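Enquirer: compute the structure for the input listed below.
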Amino acid sequence: MPRNEQKLYEIARAHWCAPGERLVMGDHAAGHIGATVRGLSAAPHPPAVPGGSSVPDPSWPLPTDPVRTGRFWYDEWADDPVIWGWAHAPGPDAAAAAVAAHMTGYTDEAWLLLTDRRLAVSVESRFARPSARPGGLRGRVRGARGDHSDDPAGPLTTCWEIPFTAVRGLRALPLGRTPQPEWFIRIDFTDGSAFDFRPRRGAKAPDYVQSVYSGLTSGH
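Expert: The predicted structure is shown next:
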């Protein structure tokens, strides 16, 4: 799948978005994803469907030992350059934990997409696999334009999604324990969980958030 944002937007708008649906954010995992769930921290976070991924190994270096084992204070994980995202969740069924689990399963082929209707984790269709979880919106692989389909013709397949109404908001946050902070985007969910991720290379987090909100309001 192309790493170029403009190319991704063209593909998603043509083959993935429903008629009238506005895509306002698209980022792929550019590193490991960790999580703090029920107060326990670790990285990488376990994938939603263990084993069997057909995604090539990106050969990322492992996180530092303290980050891997959760032996750090507060947001020190943000100082590890191989960490791209981090989930904060009260339990494994929270939205942020689901984002982490589904993105981890597809490594650098996973895309986090936000529209004015939904937040989704999507992957190139040739890499998609059915979920082991029976039933439920979060447990099924969904085809292009949101329909349940095994048709591989669509270039993007949705592995997980929730309605836009489950997203409380986005904000830019300086994280880490070093004098020069690491800037992340935080997605806050209505269930009390949150997911942090690094903005794409060259993007400033505050400007990034502003552009997302501009995209959400442009059609109103």
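Enquirer: surely L175 and A194 touch.
Expert: No - in this structure L175 lies outside contact range of A194 using CB atoms under 8 Å: 11.7 Å. The C-beta positions use only the backbone N, C-alpha and C, and glycine is treated the same way.
Enquirer: what's the weakest-modelled helix or strand in this structure?
Expert: helix 5-15 (a mean of 84; mean pLDDT, DSSP states H and E).
Enquirer: can you give me the helices in the chain?
Expert: For the chain, applying DSSP state H gives helices covering 5-15, 65-69, 95-105, 205-217.
Enquirer: looking at the ones you listed, which is buried most?
Expert: Among the helices of the chain, helix 95-105 has the highest mean neighbour count (mean count of other CB atoms under 10 Å), at a mean of 27.
Enquirer: avg pLDDT for it?
Expert: Averaged over helix 95-105, pLDDT sits at 94.
Enquirer: look at the closest residue to A43 other than its chain neighbours and say how many residues are nearby.
Expert: Of all residues beyond its chain neighbours, the one nearest A43 is G34 (2.8 Å), with distances taken as CB to CB, 6 or more residues apart in numbering. Residues contacting G34 under the criterion other CB atoms under 10 Å number 25.
Enquirer: surely G34 meets L40?
Expert: No - judged on CB under 8 Å, G34 makes no contact with L40 at a distance of 11.0 Å.
Enquirer: now do the same for the residue most central in space within the chain: its pLDDT.
Expert: For the chain, L112 is the residue whose C-alpha lies nearest the centre (CA atoms, centre = their mean; 4.0 Å). Note on L112: pLDDT of 95.
Enquirer: tell me how many other residues crowd the residue lying closest to it once chain neighbours are set aside.
Expert: Nearest residue to L112 in three dimensions, chain neighbours excluded: D27, at 5.1 Å (CB to CB, 6+ apart). For D27, the tally of surrounding residues (other CB under 10 Å) stands at 22.
Enquirer: and the strands in the protein, which stretches?
Expert: Using DSSP state E, the strands of the chain run over residues 23-28, 32-37, 40-42, 83-89, 110-115, 118-124, 156-163, 167-175, 182-189, 194-197.
Enquirer: W73: which of those strands is closest?
Expert: Ranking the strands of the chain by proximity to W73 (CB to CB) places strand 40-42 first, at 10.4 Å.
Enquirer: helices or strands up against that closest one?
Expert: Packing contacts for strand 40-42, counted by 3 or more CB pairs under 8 Å, 6 or more residues apart in numbering; DSSP states H and E, involve strand 32-37.
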